[in-house]
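S.K.: based on what follows, work out the 3D shape:
(one chain, ligands or ions: 1)
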Amino acid sequence: MNEWAVTLQDADDETLSLTLAQAHVPALMAAMMHITGSTEHLRGAVRPAVIPLAEEEDGLTEDQRSEARTLALQLLRNYRDAGCPPLTAPDDAMVEEAMAYITGTPLPAEQQVYMREELNLFGEDRRRVAIPAANVPASFRVLIIGAGMSGILAAVRLREAGIPFLMVEKNPEIGGTWYENTYPGCQVDSANHLYNYSFAPEHQWPGHFSAQPELFNYFRRVVQSHELEQNLQLDTAVREARFDEQENEWVVTMQTGDGGTCEESFAVVISGCGQLNSPALPDIPGAENFAGMSFHSARWEHQHDLKGKRVAVIGTGCSATQFVPAIADLPGQLHVFQRSAAWLLPAEDYRQPMSDEELWCFRNIPYYARWYRFFLFRARGNDGLLPFLLGEEGWQGHPASVGPANAELRAAMEDYIREQCGDDSALADALIPTYPPGGKRPVLDDGKWIEALRRPGVNLITEPIQRIEAGGIRTTDGQLHECDILIYGTGFSADKFLHTMKVTGRDGRDLHEQWRGNPTAYLGATIPGFPNFYCLYGPNTNIVVGSSIIFFSECSMRYIMGCLKLQFEEALNTLEVKADVCEQYNRDIDELSRLRAWGSPHVDSWYKNAAGRVTQNWPGTHWEWWQRTKAPVPEDFVRE
Ligand code: NAP
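M.R.: Now for the predicted structure:
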């Protein structure tokens, strides 16, 4: 009997029917292939069609969904009544047909491998890089800095390959972002069934975009199930890493929880520090004079009771738009200070729990969960919106757009905001951004943000802040907005990669002096002058729209594992990217960024450094990222 059969055998017709009424139709239809051993049912009239900006995500009408569910019910009943026989393994052609069916988009032949890898239908884990144990030199040891999403991923891959490592984490717990951000309403803003490791898929998420504790617990489970604790040292912050050219190793100084320091050497260092871990406190005059309580959203001080208080929030980005709706009922008065409005991207299920029926489908319908994840990757995750963020040279259209498709997106998003504001056109005017959509990361929205702003006692203040005083915030119109508690929802110093440590490479060169506020790397991972040193979620690896950042980190880690494999195969002491390769690469991505909405000179954001260069984002497609990072090109490196 197969793993799915137990519950399916006990499910009566009524249960099946009620459950399927909530099933995701494209995933359900694709999954039926496994029990029928055929793709015949995918060739009927009901065909999903994912079209960016369309109202119905799967392109189906309610009648079509109902027709598909009736068919699936019949197929599931037949399967159950036949005693749940062993599943038929689909051949490649069937899988390809289902991959194309699920979003109605034919798959370009060259993308079959890429898509099949992401689908990971049978847990093949094709992003894993196998390294023969005999190739790993004796006493070779890797240091991973940070035990957040990327660091844990690195640890899993090194463990699988049998490469010794130590993972250090500055906090007393693992989790990184998912440990530090505990503000009310904190939840993931990528679809949760996609925001988890491809090799450790989780299907029982309680929400479509689950809350922070769920994410934190997931990463804990991965640490436990891969037995990473034995290589993990908490409360340990790297202060300095220096490359010893005699020994070809990194000498790392670490500060431990007791305030002491220790020094250890490693053959390779992998930074999993990421981009969004240093809270940014704005340089507003007088902030130090504020007499009340103040804290940053990523350092939420839960001991303060907001009930009945006068609370001010500075910032209206992804964090504030999550915590303001969660706290809006508590304060007597809530002032929300907006410097720039955020574009809102409709996501009806943003705060919706998964129903019992949906969770049942993930558990009990063979391969349904895999196909659902794949649907998310293709429909929401991939590059569907990217064409709408592309600029056109000499564009003369709406000044806050970068090209015709971007202007179309702008109009649709503006309508969405106006619709929500109803007859309050002044509020709508205030909430419509003056920069092109995609200039900054859009905020996922289910209506709760504007609803919160319209609650009694909540004021949206767009007048610029002049200074902070003991009693509150004074705006440039002279008005003092009194408050007892001030919450900074002001984001992170994203371009200050690795700024909490000194990194010294070849010839004594200092990483931060080399960068001078302009962090660059080759494929976000390797830096000339810094042999055997790698970054995950490094410069220009962030996404504005698209899939989860876990996809990007998994691709990066495969690349880094490829570098280690190359180092072992060629018995190299060091692997160091060539300076001209890195420079050309950065020239290429700068050229691409120039014609992306976030590269527009009219946008100022954390994606850019002080000089206005985009240092955070990957400007290409997911497919291009996957191709570029599949394996290192030996000629890109000085190999010694
Ligand atoms: P953010 O997007 O950088 O937003 C910061 C906000 O503070 C912006 O509205 C900004 O205004 C405002 N601000 C900054 N300095 C200011 C000043 N001096 N005066 C007035 N306003 C000021 O930061 P975030 O909301 O923390 O989000 C950062 C990133 O973290 C997101 O893009 C997302 O990638 C990630 N994130 C993810 C999740 C999730 O998955 N759960 C949740 C939150 C955040 P301007 O726009 O004018 O600069």
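
S.K.: tell me the residues of the stretch 251-400 of the chain that contact the ligand?
M.R.: The interface of the stretch 251-400 of the chain toward the ligand, taken as Cβ under 6 Å from any ligand atom, is made up of 276, 282, 284, 314-320, 322, 337, 339-340. In this view, the C-beta of every residue, glycine as well, is placed from N, C-alpha and C.

S.K.: okay, and which of the residues you listed map to strands?
M.R.: Using DSSP state E, 314, 337 are the members of these that sit in strands.

S.K.: could you point out which element follows the lowest-mean-pLDDT helix or strand in the chain?
M.R.: The weakest-scoring helix or strand in the chain, judged by mean pLDDT, DSSP states H and E, is helix 5-10 (a mean of 78). Per DSSP states H and E, helix 5-10 leads on to helix 13-20 as the next helix or strand towards the C-terminus.

S.K.: from the contact counts, what lies against that following helix?
M.R.: Packed against helix 13-20 by the contact rule (3 or more Cβ pairs under 8 Å, 6 or more residues apart in numbering; DSSP states H and E) you find helix 62-81, helix 356-364.

S.K.: quick check: angle from the last one to helix 62-81?
M.R.: What that stands for is helix 356-364. Interaxial angle, helix 356-364 versus helix 62-81 (axes from the mean of the first three to the mean of the last three Cα atoms, to 10 degrees): 50 degrees.

S.K.: coming back round to it: residue 622 is nearest to which of the helices and strands packed on helix 13-20?
M.R.: For these, the distance to residue 622 is smallest for helix 356-364, at 24.1 Å, taking Cβ to Cβ.

S.K.: which positions in the closest one come out as buried?
M.R.: Using 16 or more other Cβ atoms under 10 Å as the test for burial, helix 356-364 gives 358-362, 364.

S.K.: could I get the residues you listed as TSV with distance to residue 28 and pLDDT?
M.R.: What follows is the buried residues of helix 356-364, written out as TSV (distance: Cβ to Cβ, whole Å; pLDDT from 0 to 100):
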residue	distance to residue 28	pLDDT
358	11	96
359	14	95
360	12	94
361	7	95
362	11	94
364	12	92
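
S.K.: turn the helices and strands packed on helix 13-20 into CSV, columns for distance to residue 49.
M.R.: Below are those laid out as CSV (distance: least, Cβ to Cβ, whole Å):
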stretch, distance to residue 49
helix 62-81, 10
helix 356-364, 22
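
S.K.: for residue 549, which of the ones you listed is the nearest?
M.R.: Comparing the helices and strands packed on helix 13-20 under Cβ to Cβ, the one sitting nearest is helix 356-364, at 22.8 Å.

S.K.: contacts for the closest one?
M.R.: The list of residues contacting helix 356-364 from outside it, by Cβ atoms under 8 Å, 6 or more residues apart in numbering, reads 4, 7-8, 11, 18-24, 28, 203-204, 368-369, 372.

S.K.: between helix 13-20 and that helix, find me the angle.
M.R.: Orientation check (the same axes, to 10 degrees): helix 356-364 against helix 13-20 gives 100 degrees.

S.K.: could you identify the helix or strand that succeeds helix 356-364?
M.R.: Sequence-wise, the next helix or strand downstream of helix 356-364 (DSSP H and E) is helix 368-376.

S.K.: from residue 13, how far out is residue 78?
M.R.: Using Cβ to Cβ, to the nearest Å, one gets 12 Å for the distance from residue 78 to residue 13.

S.K.: around residue 384, how many other residues sit close by?
M.R.: 18 (other Cβ atoms under 10 Å).

S.K.: part of a strand, is it?
M.R.: No - going by DSSP: H, G, I helix; E, B strand; the rest coil, the assignment for residue 384 is coil, not a strand.

S.K.: residues touching it, list them.
M.R.: Counting by Cβ under 8 Å, 6+ apart, residue 384 has contacts 50, 52, 545.

S.K.: again, 10 Å this time
M.R.: 50-53, 103, 105, 378, 545-546 (Cβ atoms under 10 Å, 6 or more residues apart in numbering).

S.K.: which of those residues count as buried?
M.R.: Among these, those buried by neighbour count (16+ other Cβ under 10 Å) are 50, 52, 103, 105, 378, 545-546.

S.K.: would you convert these into CSV that also reports pLDDT and secondary structure?
M.R.: CSV is the format used below for these (pLDDT from 0 to 100; DSSP: H, G, I helix; E, B strand; the rest coil):
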residue, pLDDT, secondary structure
50, 89, coil
52, 81, coil
103, 89, coil
105, 86, coil
378, 88, helix
545, 81, coil
546, 75, coil
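
S.K.: on that earlier part again, go through the buried residues of helix 356-364 and name the one nearest residue 396.
M.R.: The shortest approach to residue 396 among these belongs to residue 358, at 47.1 Å (Cβ to Cβ).

S.K.: what sits closest to residue 187 if chain neighbours are left out?
M.R.: With sequence-adjacent residues excluded and distances taken as Cβ to Cβ, 6 or more residues apart in numbering, residue 187 is closest to residue 211, at 4.7 Å.

S.K.: likewise residue 492?
M.R.: In space, and not counting its chain neighbours, residue 492 is closest to residue 276: 4.4 Å by Cβ to Cβ, 6+ apart.

S.K.: surely that neighbour is in contact with residue 542?
M.R.: Yes - counting by Cβ atoms under 10 Å, residue 276 does reach residue 542; the two are 8.8 Å apart.

S.K.: for stretch 498-513, list the C-alpha coordinates in CSV.
M.R.: Extracted in CSV, the C-alpha atoms of stretch 498-513 (Å, rounded to 0.1, in the frame of the first residue of the first chain):
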residue,chain,number,x,y,z
LEU,A,498,29.4,42.5,6.1
HIS,A,499,29.8,45.9,7.8
THR,A,500,30.0,44.4,11.3
MET,A,501,33.3,42.7,10.6
LYS,A,502,36.7,43.6,9.2
VAL,A,503,37.6,41.4,6.2
THR,A,504,41.2,41.4,5.0
GLY,A,505,42.1,39.6,1.8
ARG,A,506,45.2,39.2,-0.3
ASP,A,507,48.0,41.8,0.1
GLY,A,508,46.3,43.1,3.2
ARG,A,509,43.4,44.6,1.2
ASP,A,510,40.4,45.6,3.2
LEU,A,511,37.0,44.6,1.8
HIS,A,512,35.2,47.7,2.9
GLU,A,513,38.0,49.9,1.5
